[in-house]
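need the 3D shape of this:
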Amino acid sequence: METREQFLTKLLSFNAGYDKEIIGKAFDKAEELHHGQARLSGEPYIVHPMEVAIILAQLGMDDETLVAGLLHDVVEDTSYTRDMMTDDFGEDVALLVDGVTKLGSIKFDTKEEAQAENLRKMFLAMSKDIRVLIIKLADRLHNMRTAEYWGTNKQKEKSRETLDIYAPLAARLGMYNVKFELEDTAMMYLWPEEYEKLSKKVSVARETHEIFIKEVIDKIKASLDNLGIHYDIYGRSKHLYSIYKKMIIQKKELEEIFDLTAIRIIVDNVRDCYAVLGQVHTMWKPLPGRFKDYIAMPKPNMYQSLHTTLLGENGEPFEIQIRTYEMHQVAEYGIAAHWKYKEGKNDGKANNDEVKLAWLRQTLEWQQELNDPKEFMETLRMDLFSNQVFVFTPKGEVMELPAESTPLDFAFKVHTDVGCHCVGAKVNGKMVTIDHPLHNGDIVEIVTSANSNGPSVNWLKIAKSSSARNKIRQWLKKANRSDDVEKGKVQLDKYIRKKGYDPQVVERAAQMNRAMKELGIANALDDLYVQISKNSTLLNKYANLLFKYYDEEHTLLQQRDEEKIRAIKAEEARRRKHDQERRDNPGIIVRGVDNLMIRLSKCCNPVPGDEIIGFITKGRGISVHRKDCTNIISLPEEEKSRMIEVEWEDLKEGKSYNTDVLIRATDRKRLISDISKVCDDLDIDISGINAKSTGDGQANITLTLSISSTQEMQKVLRSIRNVEGVTNVYRARA
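Residues are numbered from 1 along each chain as shown. Model (predicted):
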């Protein structure tokens, strides 16, 4: 065990600016309170809070967090109270320690109930200060490092909890170093034989693979040195649990996993990222569909990087990651980078706009409504740690939703009122139902109606996000119908199954409407379920009518199902075609790079032959401008680093682009007609026209023309200039 001075010296080696006096005071208090306590390893208990504080220092956390790390167990395990801690170390430290302290004084019926309530308490504390979670992750990390002293059952229980909750939470904060170590250690105790076997195989495979990676790195170094770019480059190994999970999910052998080792290149700025990407794409062929631009579209946890998979000369694929130094800091430390790399600030509070913790606020919203511990834990795993889908509003804003979300989830994400009055949606310009599954890149527009009846119980099945389901439940509770509706639905479902039918088959809309009409019930399912919950005779009559109609119409329904399948297949084919059309490049090349979102800027409408420049936008790929565009010329200096060289590709004959032409002329009859005739004679399409008299006998005219090249543009300008009365004609610059 280290002495007090050795411990403080180690902390100061991570940050010489740490307050040695206050941290030393916390060490003395922790050592005093834990005196006589020992860990299962036999070491004095003070070793654990010391190691937690060292982990926090490695993450670059502030003085208050280190003090709380040293004291995080004293309230739970000793007679030291929160009030005493507030007097000795301040309210902020007391809040942090209280956030990681278990609810030891409350007795729970099950372990799951205790786990759920402790997590609720931690989330509430996290909403006030995210450092609570960072301390908890450091605490769990050291406990997993010393799990060899636990019994087998506890090892498996804590490892399962680590994989289900704490590793995903670390990923949500972008703390991937912590995530990877937690996952690998948990795997070692959950599946020891697989861990040992895989560890040996990977070690042998990496020896061979790393020779190849070294050769690739040497080639990249030679190429980048010629470009004069400042960079760092190295290989990094994929951690064991990630490999194991990929083998299980994709049902692959280790030999089929090609990214055991990847190459990481770190540069000074965003422009260099894309320059390096272009360079490596000219050296090796990129694999289609394996390029990910997390710079233009960052992950929710702030992660940014370019990922590309290339094919080596021997046919072996390998991955390259390219990012700036600042992006690398965030990738390694996640939210902790806010404290580790901020300049001259020591307030210990993270800015909500900077750290993007919307998921935490959503969790706090719905967790208050869930009283069942099992439901809480299941919803937590499903919503907080699920894969995500990214869709766009009609204005181009990105919305993040859980995988398999529907327009209903999107509507409630926009606003509760939008969700409650949702009657349909347009996805990529086509009308869809509210249960239509959304995919990455979809453009979603919600259709609402003031006459909507509002949410129904069925919406709880359609909505995939807990946030949307929570808002639906709140609406139903206000209507005082939720419990009776749910009860009636369960009773009907149970009765249908008892009679040997499948509820999903029997409860078809047409059959249900016929049965309700025959029984004199209003055409509203919620009304039906409420009445069924209170009248068993009605339940029997209604269900038997459903069985009758199902048997009568079974053949017809089969035909309808076949037609529906054909329609779904046709729609899927249309969507694939539409997606392909959206991916079509407008004739622009970013040298050595493909699969980028590229669009021509409407402010200056460049056409082939124009000198052009690319601008890396935030979340919308690369916009292409003319070099003389006033919007480009007037860019602030700090924004010019986002410009990137682009060029026209060899275009197919007949491809054209819209561009604006401004005309100043003497106002007269048939002026527009004469100008239009010039365009018609040159076989130039006019996409739009706007003419306005200035009141002094002059007219200003804007033509939007469909042009294929600058040569064609010059020809048009010369011809229009010869029209009677035209005094000036030129292209719009912006």
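
need the strands for the stretch 301-450 of the chain, in chain order.
Per DSSP state E, counting those that start in this stretch, the stretch 301-450 of the chain carries strands over the ranges 306-311, 317-324, 388-392, 398-402, 422-427, 430-432, 444-448.

who are the packing partners of the last one?
In other words, strand 444-448. helix 407-414, strand 422-427 (3 or more Cβ pairs under 8 Å, 6 or more residues apart in numbering; DSSP states H and E). Where you see a C-beta, it was placed from the backbone N, CA and C, and this is true even at glycine.

hmm, who's touching stretch 17-29?
Outside stretch 17-29, the residues that touch it by Cβ atoms under 8 Å, 6 or more residues apart in numbering are 4, 7-8, 11-12, 50, 53, 57, 63, 66-67, 70-71, 74, 80, 88-89.

what about those, which are in helices?
Of the positions in the contacts of stretch 17-29, 4, 7-8, 11-12, 50, 53, 57, 63, 66-67, 70-71, 74, 88-89 sit in helices, assigned by DSSP state H.

pLDDT on stretch 183-202, on average?
Per-residue pLDDT over stretch 183-202 has a mean of 91.

go on, stretch 437-448?
Rounded mean pLDDT across stretch 437-448 is 88.

kindly report the same for stretch 291-311.
Mean predicted confidence for stretch 291-311 is 85.

sort out which residues of it are buried, please.
For stretch 291-311, burial by neighbour count (16 or more other Cβ atoms under 10 Å) applies to 291, 293-299, 301-310.

ends of it, how far apart?
End-to-end distance of stretch 291-311 (Cα to Cα, to the nearest Å): 13 Å.

touching, I46 and E32? I think so.
No - using Cβ atoms under 8 Å, I46 makes no contact with E32, being 9.4 Å away.

out of these two, which sits in the busier spot?
Neighbour count, other Cβ atoms under 10 Å: between I46 and E32, I46 has more, with 24 against 12.

and that one, what does it touch?
By Cβ under 8 Å, 6+ apart, I46 lies in contact with 1, 30-31, 34.

report the two of the residues you listed separated the most.
Using Cβ to Cβ, those span at most 13.2 Å, a distance reached by M1 and A30.

name the residue in those two with the higher neighbour count.
A count of neighbours by other Cβ under 10 Å puts A30 above the other of M1 and A30, at 25 against 9.

count of residues packed around the closest residue to that one other than its chain neighbours?
Leaving aside its sequence neighbours, A30 sits nearest to L70 (Cβ to Cβ, 6 or more residues apart in numbering; 4.7 Å). Neighbours of L70 under the rule other Cβ under 10 Å: 30.

L70 touches E31, doesn't it?
No - applying Cβ under 8 Å as the test, L70 and E31 come out as separate, 9.0 Å apart.

anything in contact with each of the two?
With Cβ under 8 Å, 6+ apart, L70 and E31 have no common neighbours.

phi first, then psi, for C273.
Phi and psi for C273, reported as degrees, to the nearest 10, are phi -60, psi -50.

from H307, how far out is it?
Here the criterion is Cβ to Cβ, to the nearest Å. By it, C273 lies 11 Å from H307.

was I right to think L492 contacts L539?
Yes - with contact defined as Cβ under 8 Å, L492 reaches L539; the gap is 6.3 Å.

shared neighbours of those two, anything?
By Cβ under 8 Å, 6+ apart, the residues touching both L492 and L539 are I532.

can I assume N728 sits in a helix?
No - assessed with DSSP: H, G, I helix; E, B strand; the rest coil, N728 is strand; it does not lie in a helix.

got any ranges where the stretch 201-350 of the chain has weak pLDDT?
255-259, 300-301, 334-350 (pLDDT under 70).

so M713 versus I684, what's the distance?
As judged by Cβ to Cβ, M713 and I684 stand 9 Å apart.

anything in contact with each of the two?
Common neighbours of M713 and I684 (criterion: Cβ under 8 Å, 6+ apart): 705, 707.

which stretches of the stretch 1-150 of the chain have low pLDDT?
Ranges of the stretch 1-150 of the chain meeting pLDDT under 70: 102-128.

hmm, back to that, tell me which two of the ones in helices among the contacts of stretch 17-29 sit farthest apart.
It's L12 and V74 that sit farthest apart of the ones in helices among the contacts of stretch 17-29, by Cβ to Cβ, at 23.3 Å.

for those two, indicate the residue with more neighbours.
When neighbours are counted by other Cβ under 10 Å, L12 and V74 differ, and V74 comes out ahead with 22 against 14.

OK, contacts around that one?
For V74, the contact set (Cβ under 8 Å, 6+ apart) comprises 29-30, 33-34, 80, 85, 97.

do that again at 7 Å, thanks
By Cβ atoms under 7 Å, 6 or more residues apart in numbering, the contact set of V74 is 30, 33, 80.

in JSON lines, list those along with distance to Q155.
Listed next are these as JSON lines, based on distance: Cβ to Cβ, whole Å:
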{"residue": "A30", "distance to Q155": "26"}
{"residue": "L33", "distance to Q155": "28"}
{"residue": "Y80", "distance to Q155": "30"}
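
pLDDT weak spots in the stretch 501-650 of the chain?
Low-confidence segments of the stretch 501-650 of the chain (pLDDT under 70): 522-524, 554-561, 564-565, 568-569, 571-586, 591-595, 650.

just to be sure, A691 is in a strand?
Yes - counting by three-state DSSP, A691 is part of a strand.

would you check how far apart it and G725 are?
13 Å.

got the contact list for the helix or strand where E486 lies?
For E486, the element it lies in under DSSP states H and E is helix 482-498. Contact with helix 482-498 is made by 457, 473, 476, 503, 506, 526, 529-530, 532-533, 539, 543, as judged by Cβ under 7 Å, 6+ apart.

who wins for most neighbours among those?
The residue in the contacts of helix 482-498 with the most neighbours, by other Cβ under 10 Å, is I532 (26 neighbours).

give me the neighbour count for the closest residue to it other than its chain neighbours.
Among residues not flanking I532 along the chain, G488 sits closest, at 3.9 Å (Cβ to Cβ, 6+ apart). By other Cβ under 10 Å, the residues close to G488 number 25.

cool, and K464?
K464: 22 neighbours (other Cβ under 10 Å).

ok, the nearest residue to it once chain neighbours are set aside - contacts?
Residue nearest to K464 in three dimensions, not counting chain neighbours: S405, with 4.7 Å by Cβ to Cβ, 6+ apart. By Cβ under 7 Å, 6+ apart, S405 lies in contact with 389, 438, 464-465.
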